[in-house]
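Asks: Just the structure for this:
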Amino acid sequence: MSSFKIFEIAGTGMSAQSVRLNTTASNLANADSVSGDPNQVYRAKHPLFEAVRAGLGANAATSGVAVRGIYESPAAPSARYEPGNPLADANGYVYAPNVNTVEEMVDMISASRSYQNNVEVMNTAKDMMLATLKLGQ
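Replies: Predicted structure coming up:
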C-alpha cells in the first residue's frame with residue numbers, strides 16, 4: 001500500500017465528519033421550529049456511514065469511510081397544546097421536531113474531535129514523510 005493512501009483514508013474520514021457536523025447543525029437550527037401538521041414537522045437527520053475496504057491487486061478501490069445516505073429519525077414529533085399559536089391545528093396543538101439538543105451537542109463535539117483526529121493523522125503522516133526525505137541529507 002502506498003504511503004499516500006493515508007491521506008485518502010484520512011480525507012474520507014474528514015469528509016464524513018463534515019457531513020455529520022452539517023446534519024447536526026441542521027438539526028440544531030430546526031430544533032425550535034413548529035408546525036400545525038405532524039407530517040410536515042422537521043425530523044432529525046443522521047448520516048449513515050460505511051467502512052470501505054480496499055480490494056486486492058492493482059485495481060484495488062480506495063479505503064476509508066463512505067456516507068451511504070442521510071436518514072430521518074422515525075420518532076414521532078412532540079405535540080404541545082398552544083391554542084393561541086397561529087400554526088396550531090383545529091385541536092390547538094402544534095408539533096415540535098424530535099430533536100434532542102443535548103444529544104445533538106454531544107454528537108457535534110464527537111464529530112468535531114473525530115475531524116481533528118483525522119487532521120492529526122494527516123499532519124503526522126506528512127511529518128514522517130518529510131523526516132524520511134531528510135534522512136539522505
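
Asks: can you tell me the helix or strand for Ile9?
Replies: helix 5-29 (DSSP states H and E).

Asks: Now do that helix: which elements does it pack against?
Replies: strand 45-52, strand 64-72, helix 101-134 (3 or more C-beta pairs under 8 Å, 6 or more residues apart in numbering; DSSP states H and E). Backbone N, C-alpha and C define where each C-beta goes, glycine included.

Asks: I'd like to know how far the residue most central in space within the chain sits from Ala125.
Replies: Taking C-alpha atoms, centre = their mean, the centroid of the chain lies closest to Arg20, which sits 0.9 Å from it. For Arg20, the distance to Ala125 (C-beta to C-beta, to the nearest Å) stands at 22 Å.

Asks: what do you get for Val41?
Replies: Distance from Val41 to Ala125, by C-beta to C-beta: 45 Å.

Asks: before we move on, what about Ala96?
Replies: Ala96 is 45 Å from Ala125, by C-beta to C-beta.

Asks: picking that back up, which residues sit in contact with the residue nearest to the centre of the chain?
Replies: 47, 107, 111, 114 (C-beta atoms under 8 Å, 6 or more residues apart in numbering).

Asks: Top of those residues by number of neighbours, please.
Replies: Ala111 (21 neighbours; other C-beta atoms under 10 Å).

Asks: which residues touch that one?
Replies: 17, 20-21, 24.

Asks: Among the residues you listed, which one sits closest to Ser35?
Replies: Nearest to Ser35 among the contacts of Ala111 is Thr24, at 21.0 Å by C-beta to C-beta.

Asks: Quick check, that closest one in contact with Asp107.
Replies: Yes - with contact defined as C-beta atoms under 8 Å, Thr24 reaches Asp107; the gap is 5.1 Å.
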